[in-house]
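Asks: the following comprises the amino acid sequence and a computationally predicted model.
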Amino acid sequence: YDIAHITGMSIKGKNIEEITFKQEPAEGDAGLYSGSFIFTTPTLENIRLSYNAQEELLSALPTFSITEFIADEINDLSIYGLDEPSLDLTLDLTITETVEEQTKTTTDTLHYLWGDSLENGNIYFMEAGGSSVYTMSSSFLDSLLELLDPFKLSEKWICLANIADV
């Protein structure tokens, strides 16, 4: 995936309250996005994500690089900690292309689960709904989890929308 195509995401896990991020539509441009994200938690709604936090968060998303294939046709996810994942990440992707004056928009969703960590620094992971388990480096996990503090994520400037006069 290309982080430029992310228009929404949901992050939750065993010790992580669910946080959803949605890219705001650009004003007056149907199908286009402003580039700014808003986020919602169980106790906060529609909080503007700070630009710096947005850059850090998108940079902290994992690069999928399989270290090892573990097993296929898995029925018991608890062996790998995937029944109660440490991280459950859903990415919504929107790709808009213009070819010969025709605009084509496609959407896709990536949904992955990460389970238990191994002693060698890897972590079990799988595609949600899939049946194959792999390992990859868990190096992304600590920096991603550190960023998921709503206070660190929120824009700190007071935003006053629709004010004609100050």
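Replies: Sure thing, it's come through.

Asks: and the residue nearest to V133 when sequence neighbours are not counted, what helix or strand is that in?
Replies: Sequence neighbours aside, I70 is the residue nearest to V133 in space, at 4.3 Å (criterion: Cβ to Cβ, 6 or more residues apart in numbering). No exception for glycine: its C-beta is placed from N, CA and C like everyone else's. Using DSSP states H and E, the element containing I70 is strand 68-71.

Asks: cool, E97 as well?
Replies: Counting by DSSP H and E, E97 is part of strand 87-99.

Asks: before we move on, what about R48?
Replies: Here R48 sits within strand 47-48, counting by DSSP H and E.

Asks: who does that strand pair up with?
Replies: strand 33-40 (antiparallel) (DSSP bridges).

Asks: low-confidence ranges, this protein, go.
Replies: Scanning the chain for pLDDT under 70 picks out 26-35, 156-166.

Asks: let's see it at 50
Replies: 31-33 (pLDDT under 50).

Asks: how about the helices in it?
Replies: For the chain, the helices defined by DSSP state H cover 51-60, 139-147, 150-153.
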